[in-house]
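1. Sequence first, then the predicted structure:
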Number of protein chains: 4
Amino acid sequence: MQLRVRAELVYVFQSATQVLASIEPAMSVDQTVLSESITVGDGVAIVRDFDEATGQRQIRTCLSGDVTILYEGVVENGTRPLLPAKAREHVWSELPLGCLPFLLPSRFCPSDKFMRFAQREFSGLPDGAAKVGAVVGWIHEHVDYVAGVSTAETTAERTFVDHAGVCRDFMHLGITLCRALNIPARAVSAYAWQLNPPDFHAVFEVYLEGHWWLVDPTGLAPVEGIVRIGCGRDAADIAFMTTSSNCECRKVAVSVEQLAP
Amino acid sequence: MQLRVRAELVYVFQSATQVLASIEPAMSVDQTVLSESITVGDGVAIVRDFDEATGQRQIRTCLSGDVTILYEGVVENGTRPLLPAKAREHVWSELPLGCLPFLLPSRFCPSDKFMRFAQREFSGLPDGAAKVGAVVGWIHEHVDYVAGVSTAETTAERTFVDHAGVCRDFMHLGITLCRALNIPARAVSAYAWQLNPPDFHAVFEVYLEGHWWLVDPTGLAPVEGIVRIGCGRDAADIAFMTTSSNCECRKVAVSVEQLAP
Amino acid sequence: MQLRVRAELVYVFQSATQVLASIEPAMSVDQTVLSESITVGDGVAIVRDFDEATGQRQIRTCLSGDVTILYEGVVENGTRPLLPAKAREHVWSELPLGCLPFLLPSRFCPSDKFMRFAQREFSGLPDGAAKVGAVVGWIHEHVDYVAGVSTAETTAERTFVDHAGVCRDFMHLGITLCRALNIPARAVSAYAWQLNPPDFHAVFEVYLEGHWWLVDPTGLAPVEGIVRIGCGRDAADIAFMTTSSNCECRKVAVSVEQLAP
Amino acid sequence: MQLRVRAELVYVFQSATQVLASIEPAMSVDQTVLSESITVGDGVAIVRDFDEATGQRQIRTCLSGDVTILYEGVVENGTRPLLPAKAREHVWSELPLGCLPFLLPSRFCPSDKFMRFAQREFSGLPDGAAKVGAVVGWIHEHVDYVAGVSTAETTAERTFVDHAGVCRDFMHLGITLCRALNIPARAVSAYAWQLNPPDFHAVFEVYLEGHWWLVDPTGLAPVEGIVRIGCGRDAADIAFMTTSSNCECRKVAVSVEQLAP
């Protein structure tokens, strides 16, 4: 699918603040950036990172005062295979080395606390795809999409108790339960076509039968319209803005428009 | 320093259990393994991982029943420079890409919750070395080394309240406070000469003025006698044993002997 | 039912330690103590409290060294009505003033965090008895009785995630869910006939249709064989031993024997 | 001091909601209400509670739609003795029975987690008054008064880490540390003369040498201008509004005016 994506961020920094921004679509094997532009304030110096292994990009800079960051790009996001009905999970010794960190607990995904629940609820299922499907089904059934009940400190544990949250919380709970089942799971930030209201989206990926499969536990946007930005252990790794101190966010405006199917 | 290190682990696995073991000294530029042997049960098949970037190693296997894992090696651990009195911290845009994850909160190091305390207590100090020194001094003054007060779920937040813990807890608190000061900090597992009673040790490293510097916030063993095993975001990444389900640990016997200065 | 109850506690106190012990059966309208004796060490001075409103008793003293506390009594525990199939819940303005504290969150029962889950899961049920029955049913279905997974710091939130615990944890979760449904619920410590292995027991009570009804969410002992000791907001209030500093517990031996039906 | 106090609360209730409101000054031995009026909506039926032991009052009712609650009163709040320089703490067996609950941890005051810190930091001081003084001094030095960093779920543990909060958080931390020192401490809600900006205030009391002593750890208002409303274990017990489900608070306007010294 060919999509035009756009993000406009307006921040106010009281003093010189270090900034990491992850808003550029990944240039990965399954996703092509056809054209793009990025502007940060009035020509502020920026460092542009590119990770060859994942195609992931980010910018680093130091900002102060009122600053607008504007990204626009046209992306061909390739074909996104849906999680199949059957897909086996790997024993650890079969996994690529790079998958191993995604078996472990992280800041917002304390999978170590969920071993008992996950085993109790899902371990009887026939294979990895069935387990991940059941995890997503469990979340659909038990968690309501409600804005305003979670904060930047909310972990999957709090969401599990509260039974409500936004896409970030759904993602954290999905990742947590998969890791507690010994299935590698990682956080993915994305532009998402047809997400309403438009915003950055958070989904996750599981590693089964030799591939990473994209899953959206909110069901709010079709997987084929997902444009990947970055991936990591949880929201801490894939935040669209990380700053060295508090600042004020005035505006986050995201749009995704289909140019060709 | 030339050191002979030895670790004997005895576990009982009720059923076939996937295992990651990180007990081999890293083969890194600053550390040479002169000779070694590892045995896992009675010739169980193992996968041996080697990460070229860090020299870090681990084994992966599947175990059941009563199993002894025995590692013995002779290591020249090189010269370990002590944290200097002065060393400047980097703005984010100067850091090597590989340092960035160590600025972020992790499972046991919720540095996002400590931003205010860390800034309040340490931000007035002149440079990165002074800040890290003050963090270590704060830990020395406020945290008691007490076995048995913490568990596998204990975070730096709980240790900060409890004012007591073991080397893992000291490490987590040190990492957390450094990250809250925007200084990259990572967990390091190690064999430690003169650690008493002998055991695996947990220390941490900070990135200042273009280098990673090793710090032992417990002060229980000289930094020059540290033999690095692995590094990661926190104890979850560097556990000497990670297993896919519960098992019984019967024995962990570690020894470190100096062969030459 | 006429029951002989006995508790032998052996503690070692390193230094003079203040102690509250709640091990005597309540002398309440529905429970008669026919005979009893209590000894604390070698004739240590004790204060004996009696609360007229509830018939609840406790002793206060200061202990050091090795101390044995021995209580023996014969109790007629009266008839304990089981939670009926139908019983309406009260609006707050109808409740006796003494019930109000049991609507609120407490140390181990953070009912404020469970409002959403409780309303989502149980609010459609026809009346208070149906809701409490559903809460107990939910606990039966989702929580396993497993010793050793919880500690003195374990809250209902951790038990809800872990899906396992002992009687104290079952009680906390039951109380928490009832309070989150706006039904007064309080913790009860007890001797319990046929509890196996014998120990102090923890159950809870809910206030519906003008009465407190006893509920055992573990289902481990018949309600008619419960001998009430004390009640309170949660385990903090009804601990059989509360001490002003750490001490070593050497032995807790409890027995309950039926003398007459 | 003779003071005119006034509170105007405006709420919107989407559906019929049970309400507890604690906004009337206590009618206690040390405080006299000279005149007062309370109106709740347009003549809604209310239950008015009065606790003889403490003089504490509250109203209970069921509200829906837009409702204004208006209280006005003239109060002579008596003489409030300041915490003296010396005052001994009691061993538990000396305490009045009613003090004992205030030794125990509660929802927002998990004193059980602070035993080690409190003993480590304050136990060497000569008596109870010195300890409480040191606790208040510690809070003054380490906690900043900052609006917006805490929520209704914030416990003393989070405040201890964050080093910031509002009067409710200062109160919780003070209570927690005193209880961890085995000194009874309870939460007090109040009108406070000269509090700026005007609002309900939260302070606490400690029991030393046979009396409850009022302490304001924020230092924002003079103790002699405090008009007591209620007391309890923590903010859960003394909230000015407790409701059976979520509602919208449109306005809370409090004023306190001195009529005579």
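-> Received the coordinates, thanks.
2. how about the nearest residue to whichever residue of the stretch 1-150 of chain A sits closest to chain D, chain neighbours excluded?
-> Using CB to the nearest CB, the closest approach of the stretch 1-150 of chain A to chain D is made by residue A:149 at 10.3 Å. Bear in mind the C-beta positions are built from the backbone N, C-alpha and C, glycine included. Nearest non-adjacent residue to residue A:149, counting by CB to CB, 6 or more residues apart in numbering or on different chains: residue A:164, 4.8 Å away.
3. Surely the residue of the stretch 1-150 of chain A closest to chain D is in a helix?
-> No. The assignment for residue A:149, made by DSSP: H, G, I helix; E, B strand; the rest coil, is coil rather than a helix.
4. pretty sure it contacts residue A:161?
-> No. Look at residue A:149 against residue A:161 with CB atoms under 8 Å: they stay out of range, at 11.1 Å.
5. Whichever residue of chain A sits closest to chain D: neighbour count?
-> Residue nearest to chain D within chain A: residue A:151 (7.7 Å; CB to the nearest CB). Taking other CB atoms under 10 Å in any protein chain shown as the criterion, the count of residues near residue A:151 is 9.
6. ditto for the one 3 residues further on
-> As a burial measure, the neighbour count of residue A:154 was computed by other CB under 10 Å and equals 18.
7. Could you tell me the per-residue confidence at it?
-> Reported pLDDT at residue A:154 in the predicted model: 98.
8. With residue A:29 instead?
-> So, for residue A:29, pLDDT stands at 88.
9. before we move on, what about residue A:82?
-> Per-residue pLDDT puts residue A:82 at 89.
10. Secondary structure class of it, three-state.
-> Assignment for residue A:82 (three-state DSSP): coil.
11. what residues are up against the nearest residue in space to residue A:136 that is not next to it in sequence?
-> Nearest non-adjacent residue to residue A:136, counting by CB to CB, 6+ apart: residue A:217, 5.1 Å away. Counting by CB atoms under 8 Å, 6 or more residues apart in numbering or on different chains, residue A:217 touches A:135-136, A:139-140, A:170-171, A:173-174, A:203-204.
12. and if you look at residue A:91?
-> So residue A:91 contacts B:18, B:62 (CB under 8 Å, 6+ apart).
13. cool, and residue A:243?
-> A:13, A:17-20.
14. Quickly note the distance from it to residue A:152.
-> 12 Å (CB to CB, to the nearest Å).
15. before we move on, what about residue A:122?
-> 29 Å.
16. Among these two, which residue is more densely surrounded?
-> More neighbours surround residue A:122 than the other of residue A:122 and residue A:152, with 21 against 10 (other CB under 10 Å).
17. Quick check, that one in contact with residue A:135.
-> Yes. Using CB under 8 Å, residue A:122 is in contact with residue A:135, at 6.4 Å.
18. quick revisit: now intersect the contacts of residue A:243 with the strands, please.
-> Of those, the ones assigned to strands by DSSP state E are A:13, A:17-20.
19. For the residue in the stretch 151-261 of chain A that chain C sits nearest to, which non-adjacent residue is spatially closest?
-> Of the stretch 151-261 of chain A, the residue with the smallest distance to chain C, taken as CB to the nearest CB, is residue A:163 at 4.8 Å. Take residue A:163 and drop its neighbours on the chain: the residue closest to it by CB to CB, 6+ apart is residue C:117, 4.8 Å away.
20. same thing with residue A:61?
-> Once flanking residues are discounted, residue A:61 sits nearest to residue A:46: 4.2 Å by CB to CB, 6+ apart.
21. can you pull the contacts of that neighbour?
-> Residue A:46 touches A:40, A:59-61, B:93, counting by CB under 8 Å, 6+ apart.
22. Go through these and flag which are in strands.
-> Reading strands off these with DSSP E, I get A:40, A:59-61.
23. Pick out the most distant pair among those residues.
-> By the measure CB to CB, A:40 and A:60 form the most distant pair in the ones in strands among the contacts of residue A:46, at 10.5 Å.
24. Overlap in contacts, those two.
-> Joint contacts of residue A:40 and residue A:60 (CB under 8 Å, 6+ apart) are A:21, A:46.
25. Any residue of the helix or strand residue A:168 falls within touching chain B?
-> Taking DSSP states H and E as the definition, residue A:168 sits inside helix A:167-180. No. Residues of helix A:167-180 contacting chain B under CB under 8 Å from any CB of the partner chain: none, with a closest distance of 10.4 Å.
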